[in-house]
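Undergrad: Below: sequence and its predicted model.
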Amino acid sequence: KNAARLFEVSVQWLLSALGYHAIWLHGCERIKDGNIELGTIDCLAYGEDENLLLLASCSLAAPNPSELHRQENLMTWINKRLFPESTVKVCSALFTASHAPEARQEKAYGSAVKVFFKEDIERLLQAARAGRKFNFSKFHNPSIS
C-alpha cells in the first residue's frame, strides 16, 4: 500500500535479478555514528564479480542535490570506517522513479552518487528479463570495456 516501500523492494528485487546479493534494509536504513545520523540506505547490494558494495537509496521524487551530497559523505564514511584496508569498492546510487532531465550531463548534480532515472531502471529491467548480469562499473562509466 505504500508506494515508496514498494519502490524500494522493487529495486532490491531488480538488483538481485541482475546478479547482486541484495537486501532491503526496511527498519534498519538509518546509519548512525553514536547519536549522529549520517544518512539512510534503503538497500545494500554486493556484486561478487566486481567486489563492489552498492549503497542504494530510492526516491519517488527527483534527485535532491543536498541529499546526494549527504549520500556521498555516507559512502565515504562507510568506506573509511568499514573497509579501510580492503579491496571492496563502495559505491552509492540513487534509484528514482522520476524521468531524466532533458539536458542530461555527466554528474549533473555534482555528486559521486550515480543517479538511475526511470529510463535507466527500465533498461536494467530489460537486462534482467534477458538474464544478463549488471556490471555497475560499466554502467557508471560506459567508457570501461
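TA: Happy to help now that I have it.
Undergrad: Let me see the contact set for Ser57.
TA: 40-43, 67, 71, 92-95 (C-beta atoms under 8 Å, 6 or more residues apart in numbering). C-beta here means a position set from N, CA and C on the backbone, and glycine is covered the same way.
Undergrad: From those residues, which land in helices?
TA: Those of the contacts of Ser57 mapping onto helices are 67, 71, per DSSP state H.
Undergrad: Can you add neighbour count and give the contacts of Ser57 back as a markdown table?
TA: What follows is these, written out as a markdown table (neighbours: other C-beta atoms under 10 Å):
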| residue | neighbour count |
| --- | --- |
| Thr40 | 17 |
| Ile41 | 21 |
| Asp42 | 22 |
| Cys43 | 26 |
| Glu67 | 18 |
| Gln71 | 25 |
| Ser92 | 24 |
| Ala93 | 24 |
| Leu94 | 22 |
| Phe95 | 25 |
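Undergrad: All the strands of this protein, residue numbers only.
TA: For the chain, the strands defined by DSSP state E occupy 21-24, 30-33, 36-40, 43-47, 52-59, 89-96, 114-116.
Undergrad: out of those, which comes closest to Leu124?
TA: strand 114-116 (7.2 Å; C-beta to C-beta).
Undergrad: Okay, now the unreliable bits of the chain?
TA: Applying pLDDT under 70 to the chain flags residues 1, 103-110, 137-145.
Undergrad: Would you check which pair of the contacts of Ser57 lies furthest apart?
TA: Going by C-beta to C-beta, the pair spanning the contacts of Ser57 furthest: Cys43 and Glu67, at 15.8 Å.
Undergrad: these two touch, right, Phe134 and Arg123?
TA: No: Phe134 is beyond contact range of Arg123, at 10.2 Å (criterion: C-beta atoms under 8 Å).
Undergrad: of those two, who's got more company?
TA: Phe134 (20 against 12; other C-beta atoms under 10 Å).
Undergrad: How many neighbouring residues does the spatially closest residue to the more buried one that is not a sequence neighbour have?
TA: Leaving aside its sequence neighbours, Phe134 sits nearest to Leu18 (C-beta to C-beta, 6 or more residues apart in numbering; 3.4 Å). Neighbour count of Leu18, defined by other C-beta under 10 Å: 21.
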